[in-house]
Structure formats: structure tokens, C-alpha cells
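Enquirer: generate a structure from the sequence data that follows.
(one chain, ligands or ions: 1)
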Amino acid sequence: MAKQAPGVRIDGLTVVYKTPAGELPAVRNVSMKLPAGTITGIVGESGSGKSTLAFSLLNAVQPPGRISAGSVEIDDLGDVVTFEGERLRKARGAHIGYVFQAAQNSLNPLKTVGKQLLDLGRSHGVDDLRGLVKDAKELLGRMGLDGARVLDSHQHELSGGMRQRVGIMLALVLNAHLVVLDEPTTALDMITQATILRIIREVHAERGLTTMVITHDIGVVAEVADRLAVMYGGRIVEQGPTRKVLADPQHPYTRGLIRAIPRLTGDIDEARALPGRPPTLATVPKEGCVFRERCPLRMDVCDTVDPEALSHGDRIIACHAVKVKELA
Ligand SMILES: Nc1ncnc2c1ncn2[C@@H]1O[C@H](COP(=O)(O)OP(=O)(O)OP(=O)(O)O)[C@@H](O)[C@H]1O
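Expert: Model prediction:
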């Protein structure tokens, strides 16, 4: 059993959903690494495939979706795409912790948090349930909450920020060292958001985790992530160390995303929203570059050839224009 931060290698991952127009890819030929012990942020607009990618890490894509190609190799565990049944259920929770999007709603409203914790422990064959409760209280205390009181509460008795922390506790309490957080701070006020992000960083470092954070908010990624991957139309268009990508974005979509952030100082008009809309499964181009319709650097080749993800130093970028610029 892996009891330290595992590295993860995603290779050629494609996930399709069955639609009236046939099976269409929501994640297309994605390859990336999550180095052991790092926090990786996945950022992109709504519908870009972030949650689908996150579910693939647990081999938990639900019908009408399915992983149609690729692998997700987790150190000391193997390729989870090949896992089924009991082996898969055990891997989730014990190895891979997951905090669902809007953790507010993933708790059972009829049961106390403590009861749900015991259910989780039993379903994973934990013998020492007292020890589990002790760990849960300690984690909640670590996150600034009164553990005993929270375990006695129903979800409606907890604020949004408290529920987010309960979600993080449930993802960690079985001692998973790979943790996936889907929009961990959406719908929280700025102060609570800052607190949760600080807690994520601290718990990540203290417990020795490999963490993936999914968000549409590039500010969240800037705050917590060591590495950043930008998704668009099911593709990862740029990835690399967060600071470098934010300081010197190369892909025209990353540039657009960063330009669209309103700044507290400076002229509000300087923040320019990205023109156009992100594609849906039905409108994403089947060939050529997925971003070309909104791209200021569009060239003829973009209409027919999907740009390959190429290494540029410690950055990986999928863009014909960036390649041309480098060769110039
Ligand atoms: N069950 C489903 N059936 C059909 N299409 C789906 C299903 N789930 C997701 N999709 C489609 O797959 C694409 C990717 O969705 P996904 O939820 O992974 O994106 P996302 O980036 O996480 O977006 P959001 O931030 O809105 O959750 C979208 O076009 C979405 O409409």
C-alpha cells in the first residue's frame, strides 16, 4: 500500500460521452504527469473537461461516459483504468481521496457527519472505528473546527466553508495520499476562500500528498498550485510550472484567460473578457485546433491539423503559432 505521495502519469487519455450524435470526446488524448508531492491545478472554462478528467483519476466516469483510450498509472497502485469491482472501490478512498464539486451538496442531509464517517469507515473495512473518529476530529481541529461538534451535526447546521472542510476531511481520513479537489472554494466568500486555500496547502505539505485542484478560477491556481495545466475543448493546451505560465503565458488561450482577470489595482477596462464562447461536445471541432474559432493567431494549418503537445523547456504547449514563433 502506498503511504506516501504517489506520482501519477496520465497517457493518451480519451473520455467519451454517448450523445444523440454518437460518442463524443470530453477529454481528448490528454497526457500529463502529476509529480509526487506537488499540487497541480487544472484550469479552464465551464465544459472544458476538467471534472471528467478528475473522475478519470478514480476510474469513476459514469455512463453515458466511458474512458475509451489511455491509461492513468499511479505509483504503487498501477493503471486504475484497468481496475474493476472491489479492487477499484478499495482504491477510491484508501488511495485516492476526492472532494466533489460543491461539497456542500455531497453530504447526506439525513445523517450526521459522524454517522457518514462511520459508514465510510465500514465500507472500507476499517476495524478501528474509534481511531477513525479520533483522526477525523484531529483533521477537523487542524482546519480550525470543533471536531466533536461537527461530527454531531447535520449538513444544514454547517456553513459553506465548514462543509468544504468536512469534504476535505472525508477525502483525507482514510489516509489517501492522492487527493483530487473539484472546485474546492466555489461559492465561498473571499475570506473563507483564502482560509480554505491556506488549509489545502498546509494539509498537503504536512501529510505528504499529491494533489490535483480543479478550478475555473485562475486566481485559485495562482494561490495553491506548483504546476498548472490549462484545458480547452477537452485538450490540455498548455502546462508547466504555475509561476512561469502565469508570468509568461505562451498559448493564446492562456493569454486570454490571464488578460480576462480583473485586477484590484489599475483600470477595470484593462481586463478584457475573452471574445466568443467555449465549445460544447457538439460544437468542438473534430479536426484541427479546438481553440481556432477564438484565436487571434489562427493560421490555415489550424483548420486541419490538431497541434501536437510539444515540450518547450519545462513547458508543454499545443499550438501551431507558438511553434512557428520558436522556429522564426
Ligand atoms: N453525463 C454527461 N452526458 C453528456 N455529456 C456530458 C456529461 N457530463 C459532461 N458532459 C459534457 O462533457 C463536457 C465536459 O464536461 P465537464 O463537466 O468535464 O467540464 P468542466 O470543465 O468540469 O465544466 P464545469 O466547470 O462546468 O463542471 C461538457 O461539454 C459537458 O457538457
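Enquirer: show me what contacts the closest residue to residue 35 other than its chain neighbours?
Expert: Spatial nearest neighbour of residue 35, excluding adjacent residues (CB to CB, 6 or more residues apart in numbering): residue 7 at 5.8 Å. Backbone N, C-alpha and C define where each C-beta goes, glycine included. Applying CB atoms under 8 Å, 6 or more residues apart in numbering to residue 7 gives the contacts 33, 34, 35, 36, 74, 75, 210.
Enquirer: tell me which residues touch the third one, please.
Expert: Spelled out, that is residue 35. So residue 35 contacts 7, 210, 227 (CB under 8 Å, 6+ apart).
Enquirer: tell me which of those residues is nearest to the ligand?
Expert: residue 227 (17.9 Å; CB to the nearest ligand atom).
Enquirer: per-residue pLDDT, residue 327?
Expert: You'll see residue 327 listed with a pLDDT of 58.
Enquirer: pLDDT on stretch 142-153, on average?
Expert: Mean predicted confidence for stretch 142-153 is 93.
Enquirer: return the distance of it from the chain's centre.
Expert: 26 Å (CA atoms, centre = their mean, to the nearest Å).
Enquirer: and that stretch, end to end?
Expert: 18 Å (CA to CA, to the nearest Å).
Enquirer: buried residues in that stretch?
Expert: 142, 143, 145, 147, 150, 151, 153 (16 or more other CB atoms under 10 Å).
Enquirer: still on that earlier bit, in strands only, show me the contacts of residue 35.
Expert: 210, 227 (DSSP state E).
Enquirer: the helix or strand containing residue 213 pairs with which strands?
Expert: Applying DSSP states H and E as the criterion places residue 213 in strand 210-215. Using DSSP bridges, strand 210-215 pairs in its sheet with strand 39-43 (parallel), strand 178-182 (parallel).
Enquirer: does it reach the ligand?
Expert: No: using CB under 6 Å from any ligand atom, strand 210-215 stays clear of the ligand, coming no nearer than 6.6 Å.
Enquirer: so what's residue 211 bridging to?
Expert: Those that pair with residue 211 in a beta bridge, by DSSP bridges, are residue 39, residue 179.
Enquirer: spit out the contact partners of it.
Expert: 38, 39, 40, 178, 179, 180, 181, 200, 204.
Enquirer: doesn't residue 15 belong to a strand?
Expert: Yes: under DSSP: H, G, I helix; E, B strand; the rest coil, residue 15 falls within a strand.
Enquirer: begin at 48 from now on, thanks
Expert: All right, first residue 48 from here; so that's residue 62.
Enquirer: how about the secondary structure of the nearest residue to it once chain neighbours are set aside?
Expert: In space, residue 62 comes closest to residue 74 once its chain neighbours are excluded; the distance is 4.2 Å by CB to CB, 6+ apart. When classified by three-state DSSP, residue 74 comes out as strand.
Enquirer: still on that earlier bit, any chance of JSON lines for the strands paired with strand 257-262, columns distance to residue 176 and mean pLDDT?
Expert: What follows is the strands paired with strand 257-262, written out as JSON lines (distance: least, CB to CB, whole Å; pLDDT from 0 to 100):
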{"stretch": "strand 86-90", "distance to residue 176": "31", "mean pLDDT": "97"}
{"stretch": "strand 225-229", "distance to residue 176": "22", "mean pLDDT": "92"}
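Enquirer: what angle do the helix or strand harbouring residue 245 and strand 257-262 make?
Expert: Residue 245 belongs to helix 237-254 when assigned by DSSP H and E. Angle of helix 237-254 versus strand 257-262, following axes from the mean of the first three to the mean of the last three CA atoms, to 10 degrees, is 160 degrees.
Enquirer: what's the pLDDT at residue 368?
Expert: Residue 368 is given a pLDDT of 94.
Enquirer: and residue 238, by the same measure?
Expert: For residue 238, the predicted pLDDT is 82.
Enquirer: equivalent analysis for residue 149, please.
Expert: 56.
Enquirer: tell me who's in contact with the residue nearest to the spatial centre of the chain.
Expert: With distances taken as CA atoms, centre = their mean, the residue of the chain nearest its centroid is residue 261 (2.8 Å). Residues near residue 261 by CB under 8 Å, 6+ apart: 88, 89, 97, 98, 100, 101, 148, 227, 228, 229, 230.
Enquirer: ok, now how distant is the second one from the ligand?
Expert: To tie it back to what came earlier, the one meant is residue 89. Distance of residue 89 to the ligand, computed by CB to the nearest ligand atom, to the nearest Å: 8 Å.
Enquirer: residues near that residue, how many?
Expert: 28 (other CB atoms under 10 Å).
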